[in-house]
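1. Using only what follows, build the 3D model:
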Amino acid sequence: MKRKKQKRQPVDSEVPGKATMSQQVWKFAGDFIRMGNTLEDRQSLLNAACSAWNIACDPPERRKASLDRYMVEYRRYNADADEVEMAGVRSNVEKLIAKKLEMFPGDTRQIVRAQIVRMGDHERIDVASGTFS
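-> Residues are numbered from 1 along each chain as shown. Predicted coordinates:
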């Protein structure tokens, strides 16, 4: 018995006019990411942007709880952060959530991994995403 050949779904970069996930993340958060002075700082800002993206993909009624969980985790990994820093982080993530919803409202793919890759004297971001139900 012959197996039916499964049709491969094209990836974003193969669909004419459709940006890759990496391009979309850069478009919505590039200015934010570039605020980092070092590669490590920029990676940290990319991580925050990806968290904001994922929170924005939650249904509206779950976003506040997801943001609250993010802030608990931020505090856990940044125990020395004072209230001013915490308020600034929350504000930045809220702005990124709003920007993602404005720019890509129908895109509900979740980001599962993102990293900044140095290529000579340039940097690019690689983003892996998936759709989860």
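
2. So the residue nearest the centre of the chain, which state does it fall into?
-> Compute the mean C-alpha point of the chain, and by CA atoms, centre = their mean the closest residue is Cys50, 1.8 Å away. State at Cys50, reduced to three classes by DSSP: H, G, I helix; E, B strand; the rest coil: helix.

3. That one reaches Gln24, doesn't it?
-> No - Cys50 is beyond contact range of Gln24, at 11.3 Å (criterion: CB atoms under 8 Å). (C-beta placed from N, C-alpha, C; glycine too.)

4. before we move on, back to that, report the spatially closest residue to the residue nearest to the centre of the chain, excluding sequence-adjacent ones.
-> The shortest distance from Cys50 to any non-neighbouring residue, by CB to CB, 6 or more residues apart in numbering, is to Ile111 (4.3 Å).

5. Which residues are in contact with the one you found?
-> Residues in contact with Ile111 (CB atoms under 8 Å, 6 or more residues apart in numbering) are Met21, Val25, Cys50, Trp53, Asn54, Val127, Ala128, Ser129.

6. quick one, helices of this protein?
-> 21-33, 39-57, 60-77, 83-103 (DSSP state H).

7. Show me the contact partners of the shortest one.
-> By that I understand helix 21-33. Under CB under 8 Å, 6+ apart, the answer for helix 21-33 is 12, 19, 42, 45-46, 48-50, 52-53, 92, 96, 99-100, 103-104, 107, 109, 111, 114, 116, 124-129.

8. and those, which are buried?
-> Neighbour counting by 16 or more other CB atoms under 10 Å classes 42, 45-46, 48-50, 52-53, 92, 96, 99-100, 104, 107, 109, 111, 114, 116, 125, 127, 129 among the contacts of helix 21-33 as buried.

9. tell me which helix or strand of this protein sits lowest on mean pLDDT?
-> Ranked by mean pLDDT, DSSP states H and E, the helix or strand of the chain with the weakest confidence is strand 122-130, at a mean of 92.
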